[in-house]
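sequence isn't available, so here's the structure alone:
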């Protein structure tokens, strides 16, 4: 073998030496996790993508040894609310290692969660901005909330403590309100959560039951994984859902995007249950208020009617008195008139009688006799001519007082003076 | 909800409109009695539904 030739191990040994000389320290490096595998140690694939077109600019293997990982992992999760997982950007302190058999890798000794936090916040802001730009951000919140949310579709993991709390609170509410809750099970943490939740929502949408609202609850799980609720697809799905969505996903720090776009974002499953109970209580108050209004208005109405009736009664009395007076007056007047007319009639009749009497008196023969006239009778019949009178006839001359019987000597025709 | 029965909001709307008529004295006495009964019936229906003291048959049918 010529002297200028080297073995691969010699060359790689030189690479290792050059690296250790050229990059002797630990360096803070920004990278995105592409893949992550863990046993006690954590094995990662770190990458950098172009900001313009997402093309791959760099890729390297990395390791966090168990001694460091046991400390770093809980700290990272508590600080960021997310696990170390694919898609997350991290700022890590690493030394460059080179192994002749395994090649280049980074040995991570520290991670600064604040970088990831900032990155996640930026991503969350991007999701919010996108939803706003699309004009859908407020769509679920603008749905009218049902007057009485009594039929509830619950999306949760059946085994979650939060689900139990929720059911307990609505079913044993102290007002005795009835709730009908149907569980649509979904995975509430991990990368599959967004898809699992949207599937459950689709199931609700397609179900024949009429639900008043959807409740999305999670509780008792790890504090990490809240990142799922900032997921664009899930948040978008909530905005487009035709029923009001109420979240109770147990966030303690910031609201998730799901909380923000939901009709109501509450902190815990129990808070959601209490909210629902309060809605029914408010409705029951409304019913009582309407009953009060009814009895008040009816009482006022009846009182109004009564006083009107009383007034009618008084008016009626006045009216009938007046009428009575008027009528008795009329009777009295008629009576007077009758009396007057009767009197006049009587008077007229009296006069008439007097006249008759007078006239009678005038024609009474006795009155004529009284004035010196006399009456001649032949055989009891009055005589007004000499016919039937013969000499020797006995005539009776009747005077006013007494009568004379005489014998006829002769008769003469008394017609005119020439005969005398 | 559902069933051929009256919904909460329908009941509330009907009660409101009757209350308004009573308050504005737009009903004669016979109508008044009838409407008062209607309102109390509607209130009872709502209360029963809230506490599910109505027969549960509707509910069972509802689930099928």
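Received it, and whenever you're ready, just let me know what you need. Everything numeric here is computed off the predicted structure, so don't read it as measured data.

what about the chain, any weak spots by pLDDT?
Reading this off chain A. Across chain A, the ranges flagged by pLDDT under 70 are A:1-3, A:220-225, A:251-254, A:414-420.

try again with chain B
Applying pLDDT under 70 to chain B flags residues B:1-4, B:54-64.

give me the element the residue nearest in space to the middle of it is part of.
Relative to the mean C-alpha position of chain B, the nearest C-alpha, by C-alpha atoms, centre = their mean, is the one of residue B:42, at 2.0 Å. Element membership for residue B:42 (DSSP states H and E) is helix B:29-51.

chain center to that helix, what's the gap?
In terms of C-alpha atoms, centre = their mean, to the nearest Å, the centre of helix B:29-51 is found 6 Å from the chain centre.

and whichever strand or helix holds residue A:76, what's buried?
Residue A:76 is part of helix A:66-80 when elements are defined by DSSP H and E. Within helix A:66-80, the residues scored as buried using 16 or more other C-beta atoms under 10 Å in any protein chain shown are A:68-69, A:72-73, A:76-77, A:80. C-betas here are computed from N, CA, C, even on glycine.

residue A:345 versus whichever residue of the stretch 151-300 of chain A sits closest to chain B, what's the distance?
Nearest residue of the stretch 151-300 of chain A to chain B (C-beta to the nearest C-beta) works out as residue A:178 at 3.2 Å. Distance of residue A:178 to residue A:345, computed by C-beta to C-beta, to the nearest Å: 96 Å.

more neighbours: which of the two?
Taking neighbours as other C-beta atoms under 10 Å in any protein chain shown, residue A:178 and residue A:345 compare with residue A:178 leading, 20 against 10.

these two touch, right, that one and residue B:52?
Yes: the criterion here is C-beta atoms under 8 Å, and residue A:178 meets it with residue B:52 at 3.2 Å.

hang on, the earlier thing: and the buried residues of helix A:66-80 as a markdown table, adding distance to residue A:232?
Below are the buried residues of helix A:66-80 laid out as a markdown table (distance: C-beta to C-beta, whole Å):
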| residue | distance to residue A:232 |
| --- | --- |
| A:68 | 33 |
| A:69 | 30 |
| A:72 | 28 |
| A:73 | 26 |
| A:76 | 23 |
| A:77 | 22 |
| A:80 | 19 |
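
of the residues you listed, which is the nearest to chain B?
Closest approach between the buried residues of helix A:66-80 and chain B, by C-beta to the nearest C-beta: residue A:77, at 41.7 Å.

the closest one is in contact with residue A:83, isn't it?
Yes: Residue A:77 lies in contact with residue A:83 (C-beta under 8 Å); the separation is 5.7 Å.

in contact with the nearest residue to residue A:298 once chain neighbours are set aside, which residues?
Once flanking residues are discounted, residue A:298 sits nearest to residue B:36: 5.8 Å by C-beta to C-beta, 6 or more residues apart in numbering or on different chains. For residue B:36, the contacting residues are A:294, A:298, B:22, by C-beta atoms under 8 Å, 6 or more residues apart in numbering or on different chains.

look up how far residue A:180 lies from residue B:36.
Plainly put, residue B:36 is 32 Å away from residue A:180 if you go by C-beta to C-beta.

and for residue A:319?
In this view, residue A:319 and residue A:180 are 65 Å apart by C-beta to C-beta.

okay, these two: which has more neighbours?
Using other C-beta under 10 Å, the more surrounded residue of residue A:319 and residue A:180 is residue A:180, with 17 against 11.

who's that one bridged to?
Counting by DSSP bridges, residue A:180 is bridged to residue A:151.

residue A:409 - that's part of a helix, no?
No: counting by DSSP: H, G, I helix; E, B strand; the rest coil, residue A:409 falls outside a helix, being coil.

is it true that it touches residue A:391?
Yes: the criterion here is C-beta under 8 Å, and residue A:409 meets it with residue A:391 at 5.9 Å.

what is the burial count for the residue in chain B that chain A sits nearest to?
Scanning chain B for proximity to chain A using C-beta to the nearest C-beta identifies residue B:52 as nearest, at 3.2 Å. The tally of other residues near residue B:52 (other C-beta under 10 Å) stands at 15.

doesn't residue A:148 make contact with it?
No: Residue B:52 lies out of contact with residue A:148 (C-beta under 8 Å); the separation is 11.8 Å.

quick check on residue A:241: phi, psi?
Phi and psi for residue A:241, reported as degrees, to the nearest 10, are phi -70, psi 140.

list the contacts of it.
Listed by C-beta under 8 Å, 6+ apart, the contact set of residue A:241 reads A:140, A:201, A:205, A:214.

which SS state does residue A:108 fall under?
Per three-state DSSP, the secondary structure class of residue A:108 is strand.

how near is it to residue A:69?
Residue A:108 is 9 Å from residue A:69, where distance means C-beta to C-beta.

which element follows the longest helix seen in chain A toward the C-terminus?
For chain A, the longest helix by residue count, based on DSSP state H, is helix A:269-363. With elements assigned by DSSP H and E, the helix or strand that comes after helix A:269-363 is helix A:365-370.

pairing partners for the next helix or strand after that next one, with directions?
For helix A:365-370, the following helix or strand on the C-terminal side (DSSP H and E) is strand A:375-378. According to DSSP bridges, strand A:375-378 forms sheet pairs with strand A:381-382 (antiparallel), strand A:394-398 (antiparallel).

list the contacts of the residue nearest the centre of chain A.
By C-alpha atoms, centre = their mean, the mean C-alpha position of chain A lies nearest to residue A:147, the distance being 8.3 Å. For residue A:147, the contacting residues are A:283, B:8-9, B:12, by C-beta under 8 Å, 6+ apart.

filter these to the buried ones?
Using 16+ other C-beta under 10 Å as the burial test, the contacts of residue A:147 include A:283, B:8, B:12 as buried.

can you give me the domain assignment for chain A?
Domain segmentation of chain A under automatic domain parsing yields A:8-121, A:151-281, A:369-410.

so how far is the first one from its chain's centroid?
With C-alpha atoms, centre = their mean as the basis, the distance from the averaged C-alpha position of domain A:8-121 to the chain average is 61 Å.

doesn't residue A:246 belong to a strand?
Yes: assessed with three-state DSSP, residue A:246 lies in a strand.

so it sits against residue A:238, correct?
No: proximity of residue A:246 to residue A:238 does not meet the contact threshold set by C-beta under 8 Å, at 10.5 Å.

near chain B, which residues of the stretch 301-420 of chain A show up?
The stretch 301-420 of chain A has residues A:301, A:304-305 near chain B, with proximity defined as C-beta under 8 Å from any C-beta of the partner chain.

go again using 6 Å as the cut-off
By C-beta under 6 Å from any C-beta of the partner chain, no part of the stretch 301-420 of chain A sits against chain B.

residue of the stretch 301-420 of chain A closest to chain B, please.
residue A:301 (6.2 Å).

residue contacts, the closest residue to residue A:141 other than its chain neighbours?
The shortest distance from residue A:141 to any non-neighbouring residue, by C-beta to C-beta, 6+ apart, is to residue A:263 (5.3 Å). For residue A:263, the contact set (C-beta atoms under 6 Å, 6 or more residues apart in numbering or on different chains) comprises A:140-141, A:244-245.
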